[in-house]
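**Student:** the following block contains a protein sequence and its predicted model.
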Amino acid sequence: MSNNFILNSTHVEKAVQNAKKHNTAYAEMLDFYGRIFIAQEESKSRLRIEPIEIADKILDLKRREAFPLVEIQEFTYDLSESADLFVRICNFAREANPKLAESATAIIDAVDADLKPGILFDALLSGNEAEYENVAETLQVDKQILGLLAYNSIKPSLCTAAEQLAAYLTPNQPWSKGYCPICGSAPILSFLVAEGERTLICSFCWHNWQAKRVYCPFCENTDNAKLQYLYNEEEKDLRIDVCDNCKRYLKSVDTRKADRLIYPPLEQITTLHLDMKAREEGFEPGIKLYPGG
Ligand SMILES: [Zn+2]
Ligand SMILES: [Zn+2]
């Protein structure tokens, strides 16, 4: 990774303030997400999770077959820390836009009554959409908002687990697949770093891995003629890599041209206009973030 990547939490606040200044259209959204990012980084320092262990035999098989190290449902999380963060994030949502505020108020009331956030966390990890539908219907809230709040509450645990699991990856051996070597999820962002190397960021555990430059991670297409990018003169550090083979897109940040500290979750928010642009042009995202998302 290049040296303008944020490696510690103290820079996150600075990066959020900077982003607010330069992306006024996102100011309100960044107020909400900025608070989440800072709370997540603080939470990370208090987490207690046991590293996930992988037996040698299984590890050999995973390496041989290029399988991801773990399935999503194998992730563990710090329940009390995540439940605390859930309530904090709901409180931030209460002060955000009216739709979020209304849902967050209903969810906080439910937590005060009998809703256990752990049920939502477990349902998210096991892909139990029915549980989300039940809770969303009972509370009369949007399923996607519920998923967003739950995901962001366990995200510090997921990222920490991924950092621990990375020790099982084979050093210096390139990962040629388009999915995350840790959890198997699709990439959410691409970064061009020093000397034009390309790094992909996982949409679930936020692990990053080096990838081929001319390559669609969603269908493994390497045909130059079918890979293009959408570009806008005013944002020289941003582009959208599009694939004419599978009609999917991936947002890309050229960190060599970005004169700022890079915090991947923040880059994801400040590039939402690129998602709109890509969809307008007939391309679909390759990711699915939250239940119902
Ligand atoms: Zn991952
Ligand atoms: Zn493709």
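**Tutor:** Perfect, I can see it now. Worth saying up front: this structure is predicted, and the values here are computed from it rather than measured. Ligands and ions are numbered 1, 2, ... in the order given.
**Student:** what sits against the residue in the stretch 1-150 of the chain positioned nearest to ligand 2?
**Tutor:** Going by CB to the ion, ligand 2 is nearest to A66 of the stretch 1-150 of the chain, at 18.1 Å. Quick note: C-beta positions are derived from backbone N, CA and C, even for glycine. Contact partners of A66, counting by CB atoms under 8 Å, 6 or more residues apart in numbering, are W175, S176, K177.
**Student:** from H273, how far out is the residue nearest to the last one when sequence neighbours are not counted?
**Tutor:** Just to be clear, that refers to K177. Counting by CB to CB, 6 or more residues apart in numbering, the nearest residue to K177 once its immediate chain neighbours are dropped is A66, at 5.4 Å. For A66, the distance to H273 (CB to CB, to the nearest Å) stands at 35 Å.
**Student:** how about the residues of the stretch 101-250 of the chain by ligand 1?
**Tutor:** C180, I182, C183, S185, C202, F204, C205, H207 (CB under 5 Å from the ion).
**Student:** if we go to 8 Å?
**Tutor:** Residues of the stretch 101-250 of the chain lying close to ligand 1 by CB under 8 Å from the ion are 162, 179-185, 202-207.
**Student:** among those residues, name the ones in strands.
**Tutor:** C202 (DSSP state E).
**Student:** mind putting the residues of the stretch 101-250 of the chain next to ligand 1 into JSON lines with neighbour count and pLDDT?
**Tutor:** Output for these, formatted as JSON lines (neighbours: other CB atoms under 10 Å; pLDDT from 0 to 100):
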{"residue": "A162", "neighbour count": "23", "pLDDT": "97"}
{"residue": "Y179", "neighbour count": "22", "pLDDT": "96"}
{"residue": "C180", "neighbour count": "26", "pLDDT": "97"}
{"residue": "P181", "neighbour count": "24", "pLDDT": "97"}
{"residue": "I182", "neighbour count": "27", "pLDDT": "97"}
{"residue": "C183", "neighbour count": "23", "pLDDT": "97"}
{"residue": "G184", "neighbour count": "17", "pLDDT": "96"}
{"residue": "S185", "neighbour count": "20", "pLDDT": "96"}
{"residue": "C202", "neighbour count": "26", "pLDDT": "96"}
{"residue": "S203", "neighbour count": "20", "pLDDT": "96"}
{"residue": "F204", "neighbour count": "24", "pLDDT": "96"}
{"residue": "C205", "neighbour count": "25", "pLDDT": "96"}
{"residue": "W206", "neighbour count": "21", "pLDDT": "95"}
{"residue": "H207", "neighbour count": "24", "pLDDT": "95"}
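**Student:** contacts only, for the residue positioned nearest the centre of the chain.
**Tutor:** Nearest to the mean C-alpha position of the chain, by CA atoms, centre = their mean, lies S203 at 3.8 Å. Neighbour list for S203: C180, S185, A186, P187, I188, I287, L289 [criterion: CB under 8 Å, 6+ apart].
**Student:** equivalent analysis for K236, please.
**Tutor:** D254, K257.
**Student:** grab the longest helix from the chain for me.
**Tutor:** helix 143-165 (DSSP state H).
**Student:** quick one: mean pLDDT over the very next helix or strand once past it.
**Tutor:** Per DSSP states H and E, the first helix or strand lying C-terminal to helix 143-165 is strand 187-192. In this model, strand 187-192 carries a mean pLDDT of 96.
**Student:** so which elements touch strand 187-192?
**Tutor:** Under the contact criterion of 3 or more CB pairs under 8 Å, 6 or more residues apart in numbering; DSSP states H and E, strand 187-192 touches strand 198-202, strand 208-211, strand 248-254, helix 264-270.
**Student:** which one of these lies nearest to ligand 2?
**Tutor:** Among the helices and strands packed on strand 187-192, strand 248-254 sits nearest to ligand 2 (CB to the ion), with 5.3 Å.
**Student:** quick one, strands of the stretch 1-150 of the chain?
**Tutor:** With DSSP state E, counting those that start in this stretch, there are no strands along the stretch 1-150 of the chain.
**Student:** in it, what residue comes closest to ligand 1?
**Tutor:** Closest point on the stretch 1-150 of the chain to ligand 1, by CB to the ion, is P68, at 7.3 Å.
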